[in-house]
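Trainee: could you look at this predicted model? Sequence included:
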Amino acid sequence: MSGYAVIEVGSKQHRVSVGETLMIDLHADKMVGDQLEINNVLMIGGDQYRLGKPFVSGAQVLATVSNMGKEGDGLKADKLRVYKKKRRKGFDKTIGHRQRYTEITINQIIG
């Protein structure tokens, strides 16, 4: 089926179409070349569309893991720095965070 789908992966929603690459939260159990089946399809669009309540029954998106970064550790986003301070207390703290991602390529939308 041509068109697009709205999927939910890791509590985030993405609009995808066949051939598109997408960065999702890290799937550490997968390696490059592995198949990923996404069953949380919220909507299938195109000439005609189908909406789910909340998910479309029988719909599925098939994807392939295309990049995992070095040693399967995941691709990393830019570092976020979080600075906390309590005035007049002598307390300050800096925390850094780098979100890790898995890159997937959408192969097929089944609906």
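Mentor: That came through, no problem. Residues are numbered from 1 along each chain as shown.

Trainee: which parts of stretch 82-101 are buried?
Mentor: Of the residues in stretch 82-101, those with enough neighbours to count as buried (16 or more other CB atoms under 10 Å) are residue 101. Every C-beta, even on glycine, is put in place using the N, C-alpha and C of the backbone.

Trainee: what of stretch 64-72?
Mentor: When neighbours are counted by 16+ other CB under 10 Å, the buried residues of stretch 64-72 are found to be 64, 65, 68.

Trainee: what's it in contact with?
Mentor: When contacts are taken as CB atoms under 8 Å, 6 or more residues apart in numbering, the neighbours of stretch 64-72 outside the stretch itself are 21, 27-28, 30-36, 74-76, 100-105, 107.

Trainee: and those, which of them are buried?
Mentor: Judged by neighbour count, with 16+ other CB under 10 Å as the criterion, the buried members of those are 27, 30, 36, 74, 75, 101, 102, 103, 104, 105.

Trainee: quick one: contacts for residue 99?
Mentor: For residue 99, the residues meeting the contact criterion (CB under 8 Å, 6+ apart) are 25, 76, 77, 80.

Trainee: so which of those residues is the closest to residue 60?
Mentor: Distances from residue 60 to those, taken as CB to CB, are shortest for residue 25 (19.4 Å).
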